[in-house]
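> only geometry, no sequence info:
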């Protein structure tokens, strides 16, 4: 494959169609619009007490044990909204909250998130297909990196949007299957392209085709930034795909619960038998309690706390923001080091920014259509009073 390119000549020509300032800003702006809408969704609409796999027959079905970390955030959010937007004198919700929490308001945000997430996955596949084709035409290593990082960003934002669409995709299995197929194709292409740049022998000045042929001798994968990016992407893919299926999600949770019992139950039984031994006096029992029981209980609480933290929606939002900032910084860092004559605002740079108006208009149009509708929300967003929703030591 590499016979058609010169792998000994260094240097590359500017390619504003790939690394131009307008192209990069256009893609990033669209991706950050998705991030912004997702954060707004979690701040205003997300209800951890609702079963994400509900259907039209029972849209108000609640979970027996919502995630305690999400419940803490949920109640703090409700208190803040209640303070900023106090109830009316007749006890009804503030008009703005009533609009946002109406069925039409929720459906509007679901439609916007779905449209923008589809735009991200289509953009990611289009970028990668173009990049792989351009690689056969002498695409430089630098422009390959730019293409990979933009596609990586699109993949992350699309995966994050899937969490908001769990109920919708559960009710539409054909659309869910189609998106999973596209995610699989996109993930393979992104991870393969990203791992190419992890080789320390990779050079930005040479054609990328020099590093794509197989077999590749003397591969030295030591670029920790790239490895972290791949692990972050793999984590997001695994997490979202597992959460899209009710059976898989419930089995996964059950396996974790069984794992806790298998590991901890024998330890607890041994400690209990030792403490009940008649050969121990009071001081010896107290010493064993301090040395073994307290650390055991502390370890149990700490483990479950970390489990609830990493499986919470709050953690998803946190990792979404980390991924978005990480991808943006790496993209602009690469341009700062390697960009050559690609900062001019030509026709090809202005068009991507103008096209950014399309998803923005979709968002505004959807919100405008739902603004005058007064259909009620699926359920109240008030603070639940069931004490089991707040118990921090419920078994996951």
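That came in fine, so what should we check first? Just so it is clear, the model here is predicted, and its values are computed rather than measured. Numbering: from 1, shown residues only.
> center of the protein - which residue?
residue 160 (3.4 Å; C-alpha atoms, centre = their mean).
> Find the nearest non-adjacent residue to that one, please.
Leaving aside its sequence neighbours, residue 160 sits nearest to residue 320 (C-beta to C-beta, 6 or more residues apart in numbering; 4.5 Å). Placement of C-beta: from N, CA and C, glycine included.
> Tell me who's in contact with that neighbour.
35, 38-39, 156-157, 160 (C-beta atoms under 8 Å, 6 or more residues apart in numbering).
> go on, residue 70?
By C-beta under 8 Å, 6+ apart, the contact list for residue 70 reads 46, 48, 312-314.
> Which helix or strand contains residue 182?
helix 173-196 (DSSP states H and E).
> and that helix, what does it pack onto?
Under the contact criterion of 3 or more C-beta pairs under 8 Å, 6 or more residues apart in numbering; DSSP states H and E, helix 173-196 touches helix 103-135, helix 141-164, helix 166-171, helix 224-244.
> Check which helix or strand the residue nearest to residue 92 when sequence neighbours are not counted maps to.
By the measure of C-beta to C-beta, 6+ apart, the closest residue to residue 92 outside its immediate chain neighbours is residue 98, 7.2 Å from it. Assigned by DSSP H and E, residue 98 belongs to helix 95-100.
> Let me see the mean pLDDT of that helix.
Helix 95-100 shows a mean pLDDT of 72.
> Run through the neighbouring helices and strands of that helix.
Against helix 95-100 (3+ C-beta pairs under 8 Å, 6+ apart) you get no helix or strand.
> ok so, going back, am I right that the residue nearest to the centre of the chain is in contact with residue 315?
No: with contact defined as C-beta atoms under 8 Å, residue 160 does not count as touching residue 315 (12.0 Å).
> List the buried residues in the helix holding residue 182.
176, 179-180, 182-183, 186-187, 189-191, 193-196 (16 or more other C-beta atoms under 10 Å).
> show me the contacts for residue 73.
By C-beta under 8 Å, 6+ apart, the contact set of residue 73 is 48, 312, 314.
> pLDDT-wise, what's the bottom of the residues you listed?
residue 312 (83).
> which SS class is the closest residue to that residue other than its chain neighbours?
Spatial nearest neighbour of residue 312, excluding adjacent residues (C-beta to C-beta, 6+ apart): residue 69 at 3.9 Å. Of the three states, residue 69 takes helix under DSSP: H, G, I helix; E, B strand; the rest coil.
> On the pLDDT front, check residue 69 for me.
88.
> isn't residue 17 right up against residue 23?
Yes: the pair residue 17 and residue 23 passes the contact test of C-beta under 8 Å, sitting 6.7 Å apart.
> Settle it for me: which of those two has more neighbours?
residue 23 (21 against 15; other C-beta atoms under 10 Å).
> What's the local residue count around residue 15?
19.
> now residue 72
Look at residue 72: counted by other C-beta under 10 Å, it has 16 neighbours.
> can you tell me how far it sits from residue 176?
Taking C-beta to C-beta, to the nearest Å as the measure, residue 72 falls 30 Å from residue 176.
> now residue 167
Counting by C-beta to C-beta, the gap from residue 167 to residue 176 is 11 Å.
> helix, strand or coil for the residue of the chain most remote from its centre?
In the chain, counting by C-alpha atoms, centre = their mean, residue 279 sits farthest out from the average C-alpha position, at 55.2 Å. On the three-state scheme (three-state DSSP), residue 279 is labelled coil.
> begin at 54 from here
Let's use 54 as the start, then, which means that last one is residue 332.
> mind checking pLDDT for it?
We have a pLDDT of 76 for residue 332.
> dump the residue contacts of the residue nearest to residue 184 when sequence neighbours are not counted.
Leaving aside its chain neighbours, residue 184 sits nearest to residue 200 (3.9 Å; criterion: C-beta to C-beta, 6+ apart). Residues near residue 200 by C-beta under 8 Å, 6+ apart: 71, 180-181, 183-184, 187, 192, 246.
> do residue 403 as well
Contacts of residue 403 by C-beta under 8 Å, 6+ apart are residue 75.
> how about it, secondary structure?
helix.
> coming back round to it: mind putting the contacts of residue 123 in JSON lines, secondary structure, neighbour count and distance to residue 138 included?
Shown next, in JSON lines, are those (DSSP: H, G, I helix; E, B strand; the rest coil; neighbours: other C-beta atoms under 10 Å; distance: C-beta to C-beta, whole Å):
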{"residue": "99", "secondary structure": "coil", "neighbour count": "20", "distance to residue 138": "17"}
{"residue": "101", "secondary structure": "coil", "neighbour count": "22", "distance to residue 138": "21"}
{"residue": "365", "secondary structure": "coil", "neighbour count": "20", "distance to residue 138": "25"}
{"residue": "366", "secondary structure": "helix", "neighbour count": "19", "distance to residue 138": "22"}
{"residue": "367", "secondary structure": "helix", "neighbour count": "18", "distance to residue 138": "22"}
